[in-house]
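Student: this one's sequence-less:
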């Protein structure tokens with residue numbers, strides 16, 4: 001086979017398939033007890049003849065099986081089936097696959113159902129784009145480039161602050177939103193969620209009070225519960241938090257933190273107004289409140305919305321983000337932008353809890369962001385989202401759903417259900433029909449949103465979703 005059949009990573013595509021075939025042949029023999037625990041495997045030469053493959057293919061297959069613990073190598077004696085396998089290569093029961101229909105509908109419900117669901121499930125309730133919408137070509141290009149990187153990038157710990165060049169890039173990017181920060185005011189994190197977790201560890205003590213929007217991203221509830229703090233919710237309006245009730249909550253509970261999305265709010269799709277932002281910041285100063293501004297949907301905005309961090313100058317506001325929604329949920333990379341003394345304390349916490357930053361992910365993200373293809377991808381993504389948002393709104397309206405607002409951009413549509421329909425009940429019945437929905441109850445701390453549901457327009461393009469909703473309604 002010539003070099004023409006080798007891919008850009010230097011691997012032979014047919015060889016990979018043949019290796020898997022050899023591995024499967026051995027596993028089948030173990031399952032059928034043709035090869036019992038402790039039995040010696042055929043020699044590399046003889047099995048290569050049986051399978052009609054090269055000896056190097058069998059060598060690689062045996063090496064992989066050894067790495068999996070299926071077989072073991074004895075120097076000078078050959079390969080043997082490990083005792084602990086005992087032939088247990090039985091098919092996985094279908095009962096173990098997919099979401100659990102009887103799971104309680106709590107703040108983790110949508111995430112668990114979406115992540116555990118198989119390919120047969122439709123997921124208009126999940127919080128990410130379809131895989132086919134993501135920039136696969138730039139990612140593969142970046143991976144090829146990294147495969148030729150120096151050893152330090154591939155194997156060593158990164159700086160606790162994170163890759164310097166990526167932090168410089170993020171500082172320039174933040175400036176386009178009016179957020180002035182030096183690269184030393186930016187620390188990379190494993191994800192947006194990890195960034196919030198690190199900030200909660202740094203800023204909170206068990207028993208402290210935290211304000212969230214009602215509704216808000218359901219994982220805020222789950223994360224704050226893990227930190228054993230008191231959580232208070234304030235009704236959210238199309239322009240930001242209800243100012244009267246926000247001030248009342250500050251007076252009554254003296255919270256330490258307020259966690260929110262200012263642009264393309266999750267789940268409502270609303271956008272913060274400058275008037276509300278200024279008033280919230282005045283109240284924050286008056287009541288010694290810190291704001292964590294989660295900005296992971298920034299790239300999906302058609303035009304930049306007001307940011308608390310821009311108005312505040314990073315005095316009382318910590319700005320966080322990630323690229324899981326627009327680049328890849330598999331490449332875990334987020335960031336924290338904060339005042340210098342907090343970044344210094346967060347670095348100490350990072351070293352104590354995870355030592356160094358992920359070097360490889362940061363290099364990969366930087367490579368994609370610097371590529372002109374990413375900018376074109378974002379422009380196309382915004383256009384595509386606008387189109388599917390329009391069609392999804394029309395189809396839901398025809399079924400009796402009422403959009404709360406018309407979002408400026410993004411993927412989420414927050415809808416009121418038809419009269420008499422309970423969102424939790426509808427979501428549970430839809431799950432039995434292989435459709436994962438996001439009932440309003442999981443977004444609302446005071447359970448005031450059970451007549452609402454969040455739809456991901458990007459994931460709502462299969463006609464079966466609306467057929468199922470029509471049948472269940």
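Tutor: Sure, I can see it. Please read all numbers here as calculations on a predicted model, not as lab measurements. Numbering: from 1, shown residues only.
Student: Poorly predicted segments of the protein, please.
Tutor: Filtered on pLDDT under 70, the chain yields the residue ranges 1-16, 84-103.
Student: Just the strands from it, written as ranges.
Tutor: All strands of the chain, identified by DSSP state E, fall at 71-74, 78-81, 186-189, 209-214, 230-237, 240-241, 257-260, 290-294, 317-322, 334-337, 402-403, 412-416, 438-439, 452-456.
Student: I'd like those as TSV, with distance to residue 29 appended.
Tutor: From N, CA and C alone the C-beta is placed, and that goes for glycine too. Formatted as TSV, the strands of the chain follow (distance: least, Cβ to Cβ, whole Å):
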stretch	distance to residue 29
strand 71-74	11
strand 78-81	9
strand 186-189	46
strand 209-214	56
strand 230-237	56
strand 240-241	64
strand 257-260	55
strand 290-294	52
strand 317-322	46
strand 334-337	46
strand 402-403	58
strand 412-416	51
strand 438-439	46
strand 452-456	45
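Student: Mind putting those strands into JSON lines with mean neighbour count and distance to residue 310?
Tutor: Below are these laid out as JSON lines (neighbours: other Cβ atoms under 10 Å; distance: least, Cβ to Cβ, whole Å):
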{"stretch": "strand 71-74", "mean neighbour count": "16", "distance to residue 310": "59"}
{"stretch": "strand 78-81", "mean neighbour count": "19", "distance to residue 310": "63"}
{"stretch": "strand 186-189", "mean neighbour count": "26", "distance to residue 310": "15"}
{"stretch": "strand 209-214", "mean neighbour count": "23", "distance to residue 310": "19"}
{"stretch": "strand 230-237", "mean neighbour count": "20", "distance to residue 310": "20"}
{"stretch": "strand 240-241", "mean neighbour count": "26", "distance to residue 310": "15"}
{"stretch": "strand 257-260", "mean neighbour count": "24", "distance to residue 310": "15"}
{"stretch": "strand 290-294", "mean neighbour count": "22", "distance to residue 310": "10"}
{"stretch": "strand 317-322", "mean neighbour count": "26", "distance to residue 310": "9"}
{"stretch": "strand 334-337", "mean neighbour count": "26", "distance to residue 310": "11"}
{"stretch": "strand 402-403", "mean neighbour count": "15", "distance to residue 310": "29"}
{"stretch": "strand 412-416", "mean neighbour count": "23", "distance to residue 310": "23"}
{"stretch": "strand 438-439", "mean neighbour count": "28", "distance to residue 310": "30"}
{"stretch": "strand 452-456", "mean neighbour count": "27", "distance to residue 310": "27"}
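Student: so which of those strands gets nearest residue 129?
Tutor: Closest approach to residue 129 among those is made by strand 452-456 (8.4 Å; Cβ to Cβ).
Student: Can you spell out which helices and strands pack onto that closest one?
Tutor: Contacting strand 452-456 under the criterion 3 or more Cβ pairs under 8 Å, 6 or more residues apart in numbering; DSSP states H and E are the following elements: strand 412-416, helix 423-431, strand 438-439.
Student: switch to 10 Å and redo it
Tutor: Under the contact definition 3 or more Cβ pairs under 10 Å, 6 or more residues apart in numbering; DSSP states H and E, strand 452-456 sits against helix 372-398, strand 412-416, helix 423-431, strand 438-439, helix 463-472.
Student: how about the strands of the chain, which one is nearest residue 180?
Tutor: With Cβ to Cβ, the closest approach to residue 180 among those belongs to strand 334-337: 10.0 Å.
Student: Now find how far off-centre the closest one is within its chain.
Tutor: Distance of strand 334-337 from its chain centroid, counting by Cα atoms, centre = their mean, to the nearest Å, is 15 Å.
Student: next one: stretch 141-152
Tutor: From the chain centre to the centre of stretch 141-152 is a distance of 24 Å (Cα atoms, centre = their mean).
Student: do stretch 461-473 as well
Tutor: Distance of stretch 461-473 from its chain centroid, counting by Cα atoms, centre = their mean, is 26 Å.
Student: Contacts for it, please.
Tutor: Applying Cβ atoms under 10 Å, 6 or more residues apart in numbering, the contact partners of stretch 461-473 are 122-125, 130, 387-388, 391-392, 395-396, 398-401, 417-418, 420-421, 425-427, 429-430, 432-437, 453, 455, 459-460.
Student: again, only this time at 8 Å
Tutor: Residues from elsewhere that reach stretch 461-473 (Cβ atoms under 8 Å, 6 or more residues apart in numbering): 122, 124, 388, 391-392, 395-396, 399-400, 418, 421, 426, 429-430, 433, 435.
Student: How about stretch 76-86?
Tutor: 30, 35-41, 43, 62, 65-66, 69-74.
Student: Over to stretch 330-342?
Tutor: So stretch 330-342 is contacted by 139, 162, 167, 170, 174, 179, 181, 184-195, 198-199, 202, 296, 309, 314-315, 318-324, 343, 346, 358, 361-362, 364-365 (Cβ under 8 Å, 6+ apart).
Student: returning to that earlier point: could you dump the helices and strands packed on strand 452-456 to a markdown table with distance to residue 339?
Tutor: A markdown table is the format used below for the helices and strands packed on strand 452-456 (distance: least, Cβ to Cβ, whole Å):
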| stretch | distance to residue 339 |
| --- | --- |
| helix 372-398 | 29 |
| strand 412-416 | 31 |
| helix 423-431 | 40 |
| strand 438-439 | 35 |
| helix 463-472 | 45 |
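Student: Deepest in the core, which of the ones you listed is it.
Tutor: Neighbour counts (mean count of other Cβ atoms under 10 Å) averaged over each of the helices and strands packed on strand 452-456 peak at strand 438-439, with a mean of 28.
Student: strands paired with it, and their directions?
Tutor: If you go by DSSP bridges, strand 438-439 pairs up with strand 452-456 (antiparallel).
Student: and the angle from the partner strand to helix 463-472?
Tutor: Relative orientation of strand 452-456 versus helix 463-472 (axes from the mean of the first three to the mean of the last three Cα atoms, to 10 degrees): 160 degrees.
Student: chain center to strand 452-456: distance?
Tutor: 18 Å.
Student: quick one: the residue nearest the centre of the chain and residue 114, what's the gap?
Tutor: The residue lying closest to the centre of the chain (Cα atoms, centre = their mean) is residue 329, at 4.6 Å. Remark: distance between residue 329 and residue 114 (Cβ to Cβ, to the nearest Å) = 11 Å.
Student: Residue 464 now?
Tutor: Separation of residue 464 from residue 114 (Cβ to Cβ) stands at 17 Å.
Student: Ok, residue 194 next?
Tutor: 19 Å.
Student: where's residue 309 relative to residue 180, distance?
Tutor: Between residue 309 and residue 180 the distance is 9 Å, computed by Cβ to Cβ.
Student: With residue 37 instead?
Tutor: Distance, residue 37 to residue 180, using Cβ to Cβ: 65 Å.
Student: next one: residue 67
Tutor: According to Cβ to Cβ, residue 67 stands 50 Å off from residue 180.
Student: And those two? Which one has more around it.
Tutor: residue 180 (13 against 9; other Cβ atoms under 10 Å).
Student: Break the chain down into its domains, please.
Tutor: With domains defined by automatic domain parsing, the chain comprises 3-81, 95-134+375-472, 136-371.
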